[in-house]
Structure formats: structure tokens, C-alpha cells
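K.L.:
Mind looking at a prediction? Sequence and model below.
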Amino acid sequence: MKTKNIISQSPIQHNQNIDLRLLVTPYQNKRLPVYDWYNYKHSFSHDLVIKLIEKFRLDEEDKILDPFCGSGTTLLASKEKSISAHGIDILPLSVFISNAKLIKYSKWHIETAINEIENLLFIRKWINDKDDRGFFTRFKR
């Protein structure tokens, strides 16, 4: 397998591609489904990842490593371009968010989850309708 050495390619110059500065914020992600599920203050936009993929001419044969995957923007944008990407993060919340964005959901799984949530809400309402002092006799109000 041949790998591309993108590190030796000329970096983006400060005065070149000035429009990239606008993409180093999560602001543009607010208009995109899935990307707007969770917003890290220090994240970047989907459009930035796409522009960098195009700049370095990455394709389906390439792989991307995101060592601080955060909310999964790079992973999701890479998936859209059919590029294999792997993310690592120390925060369990980041791993959860990234996984939630990358899972392929089926209609059946979504309907099942909705039913489970509705059942939990019904149980909660039923418990709240009862005199909760009967459940917790040790504590008095």
C-alpha cells in the first residue's frame, strides 16, 4: 500500500486561502444535520475538513487519523467522502458523541428506542402520581 506524505507538501500559507479562517469554528455545522448534534467550543466545521481533503487530494485508498476526535467532525466528513478514518479521544463523552454520529441507524432501531423512552416516561409518570412517601419511608418531608 502506497501512502501519501502530506506533511512534506507545502502547508497553507497565512495569506493563502483566507476563507479557511471562517471554517475554523463550528458555526457552519449548525446548518447541517448530525453535525449539529453536539457543539464543542473549540471544534471546526465540516467544510474545513472537506476543503483539506480536497487540497491534499485524498481518496478512498487513503486513511485519516484524528487523535483528538472530539465531536467527530473529521470522522463524519471522511465517511461522506468514503475515506477510512479513525478517531481517538480521552474523553468518554467525545467517544460517545462520535460513535452516535457514525452509527448507521435503521428505522426499526429508532422506533424501538422511541418506544423504550415512551415506556420510561409512562413509568415515571406512574411513580410521580403515587404518594412517594410510601416508597421512601425512611425520609420525611
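P.N.:
Cool, got the structure.

K.L.:
tell me the domain boundaries of the protein?
P.N.:
Residue ranges for the domains of the chain, per automatic domain parsing: 10-104, 105-141.

K.L.:
mind putting the ones you listed in TSV, mean pLDDT and mean neighbour count included?
P.N.:
Glycine gets a C-beta too; all of them are placed from N, C-alpha and C. Below are these laid out as TSV (pLDDT from 0 to 100; neighbours: other C-beta atoms under 10 Å):
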stretch	mean pLDDT	mean neighbour count
domain 10-104	86	15
domain 105-141	72	9
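
K.L.:
wait, doesn't Thr82 sit right on Glu61?
P.N.:
I think there's a mix-up here, since residue 82 is Ser and not Thr. No - the pair Ser82 / Glu61 is not scored as a contact, 10.0 Å apart, by C-beta atoms under 8 Å.

K.L.:
Pull the helix or strand containing Leu75 out as CSV, backbone CA atoms only.
P.N.:
Element membership for Leu75 (DSSP states H and E) is helix 73-80. Extracted in CSV, the C-alpha atoms of helix 73-80 (Å, rounded to 0.1, in the frame of the first residue of the first chain):
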residue,chain,number,x,y,z
THR,A,73,-16.4,16.2,12.6
THR,A,74,-13.4,14.8,10.8
LEU,A,75,-14.6,11.2,11.1
LEU,A,76,-18.1,12.1,9.7
ALA,A,77,-16.8,14.2,6.9
SER,A,78,-14.3,11.5,5.9
LYS,A,79,-17.1,8.9,5.9
GLU,A,80,-19.1,11.2,3.5
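
K.L.:
Which elements pack onto it?
P.N.:
Judged by 3 or more C-beta pairs under 8 Å, 6 or more residues apart in numbering; DSSP states H and E, helix 73-80 is in contact with helix 46-55, strand 63-66, strand 84-87, helix 92-102.

K.L.:
among the ones you listed, which is nearest Leu20?
P.N.:
helix 46-55 (6.5 Å; C-beta to C-beta).
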